[in-house]
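*Asks:* the following comprises the amino acid sequence and a computationally predicted model.
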Amino acid sequence: MAPASTARSLPSYEMDTSATETARRANFPNFSSHYDAPERKWEVELVRALVRLANLPPGWDSYNAPPMSRDAGHFALEILQAVMHPRTPLPQVVPSAAGGVQLEWHEKGVDLELHITAPYQWELWFWDHQEPASEPVSLELTDNFSALKRPISLLTTR
Amino acid sequence: MPPDVDDESIADDAGLLRRIRPDQIIDDQNLRTRRPSSAAFKDPAMSVDAEPILHRHGLDWTFSLQGHSGYSLARISAGAARAKALAVVCKPEPGNPAHTEVIGKKTQGIANHLVAASTWVHLESQG
């Protein structure tokens, strides 16, 4: 039997220990800390997507787009850690032509987009199509995540 | 450097072509369609190719995708950009006489306006 310290079953993401993955983790300590101790499956998937975006070269969109900064990626993770619930669907993770990352949901009658360019520099777009006469909400935000409460609740419970 | 002044020689109904990377195409379950993410339209100096200039040079939309395998191509009209106070400015480049920029800050509201006004010229199949 294996020693207790190594006996725990490894999640599938830890099985992928290619040289590339090892190098990425070494280069992105903020992300690697989440690789080492992920609490939720969505975090693993999000970190993978963010690491991929952080490794894009300048001009990755065939024009002049800068890559996402590691700080922006870490802030995106911080936002979701603050608002996600176990049954909240995963966002689509999209690189932004302005640099940064956009997390977006378009389901259950809800359009929700979080466009993050740097820590505490982010925008929210929200539209509930099932609410009669509702209008889209477009906000520029810093450290207040409360505007996310209602849209995340709708995505989680609807 | 001269200010970026809207080029009135580009008519409101002129098509502006923007390449879309595969990972900037999202599944919109509300609309049941694949469409460009608004994140593809966030660049404050957004590069496009102006279709009337392509045509004057005997070119068409396929020129915009040359050398960019896997990309899709979306069209917005110059008028759709101007409706949100964005400037359409011709900026020819070596090898691309149709290069144009759509200049101005794109809030999420403006970027989504551009998405709603966009149509596919070419959409790569998935996978």
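*Replies:* Cool, the structure landed.
*Asks:* buried ones in the lengthiest helix in chain B, by neighbour count?
*Replies:* Counting residues, the longest helix found in chain B (DSSP state H) is helix B:108-117. For helix B:108-117, the neighbour count (16 or more other Cβ atoms under 10 Å in any protein chain shown) marks B:Gln108, B:Ile110, B:Ala111, B:Asn112, B:His113, B:Leu114, B:Val115, B:Ala117 as buried. (C-beta placed from N, C-alpha, C; glycine too.)
*Asks:* and stretch B:83-96, by the same measure?
*Replies:* Taking 16+ other Cβ under 10 Å as the neighbour-count basis, stretch B:83-96 is seen to contain the buried residues B:Lys84, B:Leu86, B:Ala87, B:Val88, B:Val89, B:Asn96.
*Asks:* which bits of chain A sit near chain B?
*Replies:* Along chain A, the residues adjacent to chain B under the rule Cβ under 8 Å from any Cβ of the partner chain are A:60-65, A:92, A:94-98, A:101-102, A:104, A:106-111, A:113, A:115, A:123-125, A:129, A:136, A:138, A:140.
*Asks:* leaving out chain neighbours, which residue sits closest to A:Gly73?
*Replies:* A:Leu50 (4.0 Å; Cβ to Cβ, 6 or more residues apart in numbering or on different chains).
*Asks:* about what we covered before: the buried residues of stretch B:83-96: which two are farthest apart?
*Replies:* Of all pairs drawn from these, the greatest distance, 24.9 Å, lies between B:Lys84 and B:Asn96 (Cβ to Cβ).
*Asks:* give me the most central residue, chain B.
*Replies:* B:Arg18 (3.2 Å; Cα atoms, centre = their mean).
*Asks:* any idea how far stretch B:82-92 is from the chain center?
*Replies:* Per Cα atoms, centre = their mean, to the nearest Å, the displacement of stretch B:82-92 from the mean C-alpha position of its chain is 11 Å.
*Asks:* pull up the residues of chain B that are close to chain A.
*Replies:* By the rule Cβ under 8 Å from any Cβ, the part of chain B lying against chain A is B:19, B:21, B:23-24, B:26-31, B:37-47, B:68, B:71, B:106-109, B:112.
*Asks:* of the residues you listed, which belong to helices?
*Replies:* For the residues of chain B next to chain A, membership in helices holds for B:Gln108, B:Gly109, B:Asn112, with DSSP H as the criterion.
*Asks:* can I get those residues in JSON lines with pLDDT?
*Replies:* Shown next, in JSON lines, are these (pLDDT from 0 to 100):
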{"residue": "B:Gln108", "pLDDT": "96"}
{"residue": "B:Gly109", "pLDDT": "95"}
{"residue": "B:Asn112", "pLDDT": "97"}
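*Asks:* what sits against the closest residue to B:Asn112 other than its chain neighbours?
*Replies:* Taking Cβ to Cβ, 6+ apart as the measure, B:Asn112 lies nearest to B:Ser38, with 4.9 Å between them; neighbours along the chain are not counted. The neighbourhood of B:Ser38, defined by Cβ atoms under 8 Å, 6 or more residues apart in numbering or on different chains, consists of A:Gln102, A:Glu104, A:Glu113, A:His115, A:Trp125, B:Gln108, B:Ala111, B:Asn112, B:Leu114, B:Val115.
*Asks:* name the helix or strand for the second one, please.
*Replies:* Under the criterion DSSP states H and E, the helix or strand holding A:Glu104 is strand A:101-107.
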